[in-house]
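Novice: My questions are about this predicted structure, shown below with the sequence.
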Amino acid sequence: MKKRGFYINAAVLAGGSILLRLSGLWFRSYICGRIGAQGMGLYQLIFSVFTLGITACTSGIGLAVTRLTSEGRGSKKCIIKCMEFALALSFISAGVLFFSSGFIAVRFIGNSCAAAPLRILAPGLPFIAACACLKGYFFAIRNTVVPVCGELLEQGAAIGASAALLNTSLPPLNALMLGSTASEAAAFVYILIMFSIFARKNGLPHDGGSDVMHSILHIAGPMLVGSFLRSSLYSAENLMIPAGLRRHGSDYISAVAQYGVVQGMVMPVVFFPMSFVTSVAALLIPEIAEARAKNRPGVISSYVQKAFRQTLLFGFIVTGALIFFADDIGFFFFDSRQAGTILRIIAPIAPIMYLDNMVDNILKGLDQQVYSLIFNFSDSLMRVALIAVFIPMFGIKAYIAIIFASEIYNASLSIGRLLKVSRVKVKIAEWIVIPALSGALIYFVLCLIRKILL
């Protein structure tokens, strides 16, 4: 029954993620038609800064609630403390973002028009932080329906509000950000109501012990510090790319447009199939945390082996399909030949990218989040250094090569650590050879079908 519940929850999460990413791709296609590649690039730059604020107030908080509740230490006091901690950080982050928006827009983004969108996004941070805490509770009790419905509500509200506001006299970027903030408020109201209902129904212990805050900081503290540092480097990396392209010889509009094609068009398509992986990965955290707490290494080993085998099989199949349909995807969603060309080049890294995401989540369940953060931080440092040196020399080609180098480096470290702590032996034929042949077979079958039809 427990295994059946796991698969049902995975299916709910995957289905919700597919709907979210499909609607997200459609919405990106829509706004790309309204604001163009340059506008899409500026949109991505603004959100790369906003992501730093999200990281500062959410990293590790939801995981702390999930872990403590799964291990039997969740309590009313625990959740309240997590909420207080997250909200305090969110108000600080929102204040910094709001009052420094002009400086950030001019000094880092290079466009004063980005100041107003940043100020509009800032009030959404407390809503995001509170939702992160409450979603952690639902994942711990193996209820995925409520978080998925909340995300669908948020996405639907964002699309509806943004589409309506784009038809007003507001500047397009301001309209998009206002729609985003309104949707975050709507999602918070929903998740708070559902938490009140479920907490009253299931009951929560009132006292979590005297070491509640210590337990929260043990789990969330390293993730918060590490994720914030990595997110800072990620934001710096994204801001450096257009600057590097300009030093390579592009003007501002062309540089931002090239950045928009890669980050605003191609990467969301590559990440779209990851919906299946992230759904299972999120559910594995409480399962593995529980197995670890009960000292059941055989269960952990079984989960790890299945994760490697199924994630790589899925990743190679996706790679074959992305390579085959690259041009069609580029034209259908973005009316861009360049997007299709870059998608075909980047697609082979998908299996490693998906596996790295899965492995990071398993490490969190095994209380190895510190190692995961160290690996991610060193990867970000490497990316920033490579971007600073090579993009001014070789342009967008260098950035694509850096994506490959970064994913291989990060995945190698994470996989090595997981294999060590889980004591699982690598099975090359089962994990790599068969999935790779499956991906190649999918590609050639699709080519054969197209040849027959045409």
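Specialist: Received the coordinates, thanks.
Novice: Skip ahead from the lengthiest helix in the chain and say which helix or strand is next.
Specialist: Counting residues, the longest helix in the chain under DSSP state H turns out to be helix 2-58. Scanning forward in sequence from helix 2-58 by DSSP states H and E, the next helix or strand is helix 61-70.
Novice: Other residues contacting that next one?
Specialist: In this structure, residues lying in contact with helix 61-70 by C-beta atoms under 8 Å, 6 or more residues apart in numbering are 74, 78-79, 82, 85-86, 129, 132-137, 139-141, 208, 215-216, 219-220, 223-224, 285-286, 289-290, 293, 364, 369. The way it works is simple: take the backbone N, C-alpha and C, and place the C-beta from them, glycine included.
Novice: same check, this time on stretch 85-92
Specialist: Contacts with stretch 85-92, where a contact means C-beta under 8 Å, 6+ apart, come from 56-58, 61, 125-126, 128-130, 132-133, 216, 220, 224.
Novice: a markdown table please, covering those and showing distance to F108.
Specialist: As requested, those are exported to a markdown table (distance: C-beta to C-beta, whole Å):
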| residue | distance to F108 |
| --- | --- |
| A56 | 16 |
| C57 | 20 |
| T58 | 22 |
| I61 | 26 |
| L125 | 19 |
| P126 | 24 |
| I128 | 22 |
| A129 | 23 |
| A130 | 28 |
| A132 | 26 |
| C133 | 30 |
| I216 | 32 |
| A220 | 28 |
| L224 | 23 |
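Novice: Most widely separated two among those?
Specialist: L125 and I216 (19.4 Å; C-beta to C-beta).
Novice: Between these two, point out the one with more neighbours.
Specialist: L125 (29 against 21; other C-beta atoms under 10 Å).
Novice: For the more buried one, what is the enclosing helix or strand?
Specialist: helix 125-140.
Novice: quick one: buried residues of the next helix or strand along the chain from that helix?
Specialist: For helix 125-140, the following helix or strand on the C-terminal side (DSSP H and E) is helix 145-166. Buried residues in helix 145-166, counting neighbours by 16 or more other C-beta atoms under 10 Å, are found at 146-159, 161-163, 165-166.
Novice: for helix 145-166, packing partners?
Specialist: Using 3 or more C-beta pairs under 8 Å, 6 or more residues apart in numbering; DSSP states H and E, the elements in contact with helix 145-166 are helix 2-58, helix 125-140, helix 172-202.
Novice: could you give the angle of it to helix 2-58?
Specialist: Between helix 145-166 and helix 2-58, the angle comes out at 50 degrees (axes from the mean of the first three to the mean of the last three C-alpha atoms, to 10 degrees).
Novice: need the contact list for Y43.
Specialist: I31, I35, L173, L176, G260, G264.
Novice: Which pair in those residues has the greatest spatial separation?
Specialist: Maximum pairwise distance in the contacts of Y43, criterion C-beta to C-beta, is 13.9 Å, between L176 and G260.
Novice: How many residues are close by the residue nearest to G102 when sequence neighbours are not counted?
Specialist: Distances taken as C-beta to C-beta, 6 or more residues apart in numbering place A115 nearest to G102, at 4.6 Å, with adjacent residues excluded. A115 has 18 neighbours, counted by other C-beta under 10 Å.
Novice: so A115 makes contact with F98?
Specialist: No - checked against C-beta atoms under 8 Å, the pair A115 and F98 is beyond contact range at 10.1 Å.
Novice: picking up where we left off before, is it possible to get CSV of the contacts of Y43 that adds pLDDT, neighbour count and distance to V49?
Specialist: Formatted as CSV, the contacts of Y43 follow (pLDDT from 0 to 100; neighbours: other C-beta atoms under 10 Å; distance: C-beta to C-beta, whole Å):
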residue, pLDDT, neighbour count, distance to V49
I31, 83, 22, 18
I35, 81, 19, 18
L173, 88, 21, 13
L176, 91, 27, 15
G260, 81, 27, 15
G264, 79, 26, 15
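Novice: Please state the backbone phi and psi of P273?
Specialist: phi -70, psi -10 (degrees, to the nearest 10).
Novice: Could you pull up the contacting residues of it?
Specialist: F314, V318, A350, Y354.
Novice: and which of those is nearest I191?
Specialist: Using C-beta to C-beta, these come closest to I191 at Y354, 27.5 Å.
Novice: burial count for the closest one?
Specialist: 26.
Novice: A157 versus that one, what's the distance?
Specialist: To A157, Y354 is 29 Å away according to C-beta to C-beta, to the nearest Å.
Novice: how far out from the middle of the chain is stretch 294-304?
Specialist: 26 Å (C-alpha atoms, centre = their mean, to the nearest Å).
Novice: buried sites along it?
Specialist: I300, Y303, V304.
Novice: Among those residues, which ones are in helices?
Specialist: Short answer: the buried residues of stretch 294-304 in helices (DSSP H) are I300, Y303, V304.
Novice: just these now: which is nearest S254?
Specialist: Using C-beta to C-beta, those come closest to S254 at V304, 45.7 Å.
Novice: Looks like A130 contacts V189 (just checking).
Specialist: No - A130 lies out of contact with V189 (C-beta under 8 Å); the separation is 10.2 Å.
Novice: Between these two, tell me which one has more neighbours.
Specialist: Using other C-beta under 10 Å, the more surrounded residue of A130 and V189 is A130, with 24 against 13.
Novice: Chain neighbours aside, what residue packs nearest to that one?
Specialist: F188 is the one closest to A130 (C-beta to C-beta, 6+ apart), at 5.6 Å.
Novice: quick one, what contacts the one you found?
Specialist: Going by C-beta under 8 Å, 6+ apart, F188 touches F127, A130, C131.
Novice: separation between it and R417?
Specialist: 35 Å.
Novice: Flag the shaky bits of this structure, pLDDT-wise.
Specialist: Regions of the chain meeting the criterion pLDDT under 70 cover residues 1-14, 70-75, 203-212, 220, 223, 279, 282-283, 286.
Novice: Number of residues surrounding G95?
Specialist: G95: 12 neighbours (other C-beta under 10 Å).
Novice: Please list all residues in contact with it.
Specialist: So G95 contacts A122 (C-beta under 8 Å, 6+ apart).
Novice: which element is it on?
Specialist: helix 76-99.
Novice: ok and that helix relative to helix 2-58, angle-wise?
Specialist: 40 degrees.
Novice: Thank you, goodbye.
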